[in-house]
Structure formats: structure tokens, C-alpha cells
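Q: Any chance you can model this:
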Amino acid sequence: MSRAPTSVRQGTAQYVYGVVTAGVAAPSRRGIAKKPLHTLADDDIAAIVSEAPAGGAEMRAGREELTAHAAVLESALKKGPVLPMRFGMVMANAESVRDELLDRYNDDLARQLEELDGKAELRLRAMYEEGTLMAEVVQARPDIGNRSEVLRDRPPEASYYERIELGQLVAEAIDRIRAQDTVAIMDVLEPLAVAWDLGSPDHEHLALQASFLVDSDQIAAFDEAVDDLGRKNVGRLRFKYTGPLPPYSFVDLPTAE
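A: Got it, this is the predicted structure:
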């Protein structure tokens, strides 16, 4: 197998950021712990690596480290497709990276790089404005508003079970509103995406949390669609939109041991 020369010391533990096409230069920025970046190639694919910081196997996932990891991958994406590895992946040395990752999984990694070429991940998170959401709940279910009024002046300890039941009714009403909004948002965005991944709600006021895999020539149209959703939902939904990002949600990478 052809192997590109590298300046990495062969016996040094390597921190692995991601996998790219062979021949693509490592980003010119520094990696975790300000270490310089290199590529280790094996046939048609390569890994972006740096020397692992001391104690890398027990690396702390602090803000600085996570930011550096993400920044390397975002820089790599500007040069071509990249398959991001999980944070904290340290391998024993350069040969381990080649033999246990690149060589062992070459066919699968090369296939995914080809499939993801010219694509990026876009993330959208939509949160309800609390006051507007509750007004919609009461409008949809007047009985919830009536029960709330009845319980308002009653001591909590004397109405414990009634308040639990009311909370369940509110949650069910929010679930129905969320389901309707998810359909409405996805009807707009799905046609512009190659694939998507809907996350589970992690907050009662979360309307939607999703990642989209989008062709580069569709990103501008996707941006405009999100802007339009924002304009139509002013005062009701707050959108957080990020990207283009490496395709974190759309790769199936091996765990090198």
C-alpha cells in the first residue's frame, strides 16, 4: 500500500480529528493543546491528526478542547469532505492510525467520503416563546385554563394531585402543537435536504431540533427557507440555526481500538 511520508514521530500517541481524502492538506491552524496538525495517509484516505497531549487518554472535554476539535473539522470541511471522529479519540502511534483505522476500514470510509462530497450539515433548533405557547394551549384546550383558574388560589399541598393532572394535560397539549409545527417546518425544509435527523425534545418548550444534510448548491435556498420560517413565526418561535458543519449526524464511523 502507498503511504505518504509524514513528519510525525512514529512512536508518539496521535489524536485523531477526522478522515479526509488522501492528498488533502491538513488545516493550517493548530489543534488541541496548540499542537500542529498533520495527515497520515493510507491508499486513498487520510487521517487528520496531531500529537496527543500528555494524558490524552483521559482528556478533559473542556470548552477549549471541544472548540479546538470542532474548529479543525470545520477548517477541513472547506477543503473537501471530512468524516468527523468523536472527541477524545487517541491512538497509540502513527502505525496504529494507519493499520487499525485507515487500512482496516478503508472501503467503508472511502465510500462515505464519496457520498458526502459537496454536502454539509445544517442544524436547526426552534424554541417556543412561553407566553405565546401557553396562550395556544389554553385556546386549544379551554378546560386547561379553567382548571388553572380554580387551582390558582388553592394551597399547593391541598391540590397536589390536581396540579399533577393539570401538568399532564398541558404536556399533552404541547405535544400536539409540537407535532403540528414539526410537520409544518419539515414540509418546508425536507425538499431542500438530502437527509435529516430529528432529535427528541429535551425541553418542554422545544418545538423542533433537527440536523439536515444539504448539498452545497442548496445551502443558500435552505438559508432563505429558514429565514422565511423565522419571519412567519416572529413572537412565537425562536430559531437557532448553525452551519455549514461537518456531517456529524450522518456518518457511521468505526471505533478504533
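Q: who's in contact with R236?
A: Residues in contact with R236 (C-beta atoms under 8 Å, 6 or more residues apart in numbering) are 128-129, 132-133. Yep, even glycine has a C-beta here, placed from its N, CA and C like the rest.
Q: Just the buried residues from those, in ChimeraX please.
A: In ChimeraX, this line selects whichever of those come out buried by 16 or more other C-beta atoms under 10 Å:
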select :128,133
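Q: Mind putting the contacts of R236 into JSON lines with distance to A173, secondary structure and pLDDT?
A: Putting the contacts of R236 into JSON lines (distance: C-beta to C-beta, whole Å; DSSP: H, G, I helix; E, B strand; the rest coil; pLDDT from 0 to 100) gives the following:
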{"residue": "Y128", "distance to A173": "12", "secondary structure": "strand", "pLDDT": "96"}
{"residue": "E129", "distance to A173": "16", "secondary structure": "coil", "pLDDT": "95"}
{"residue": "T132", "distance to A173": "14", "secondary structure": "helix", "pLDDT": "94"}
{"residue": "L133", "distance to A173": "9", "secondary structure": "helix", "pLDDT": "94"}
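Q: Return the closest of the contacts of R236 with respect to I48.
A: Nearest to I48, judged by C-beta to C-beta, of the contacts of R236 is Y128 at 39.4 Å.
Q: for that closest one, what are its contacts?
A: By C-beta under 8 Å, 6+ apart, Y128 lies in contact with 205-207, 236-238.
Q: Give me the distance from the lowest-mean-pLDDT helix or strand in the chain to the chain's centre.
A: Ranked by mean pLDDT, DSSP states H and E, the weakest helix or strand in the chain is helix 142-152, scoring a mean of 74. Centre-to-centre, helix 142-152 and its host chain are 39 Å apart (C-alpha atoms, centre = their mean, to the nearest Å).
Q: pull the CA atoms of that helix into PDB?
A: As requested, the backbone C-alpha atoms of helix 142-152 are provided in PDB (Å, rounded to 0.1, in the frame of the first residue of the first chain):
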ATOM      1  CA  PRO A 142     -60.200  25.900  27.400                       C
ATOM      2  CA  ASP A 143     -60.600  23.300  30.200                       C
ATOM      3  CA  ILE A 144     -56.900  23.700  31.000                       C
ATOM      4  CA  GLY A 145     -57.400  27.400  31.500                       C
ATOM      5  CA  ASN A 146     -60.500  26.800  33.700                       C
ATOM      6  CA  ARG A 147     -58.600  24.300  35.900                       C
ATOM      7  CA  SER A 148     -55.700  26.600  36.200                       C
ATOM      8  CA  GLU A 149     -58.000  29.400  37.500                       C
ATOM      9  CA  VAL A 150     -59.600  27.000  40.000                       C
ATOM     10  CA  LEU A 151     -56.200  25.900  41.400                       C
ATOM     11  CA  ARG A 152     -54.600  29.300  41.400                       C
END
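Q: Name the next helix or strand following that helix along the chain.
A: Sequence-wise, the next helix or strand downstream of helix 142-152 (DSSP states H and E) is helix 160-189.
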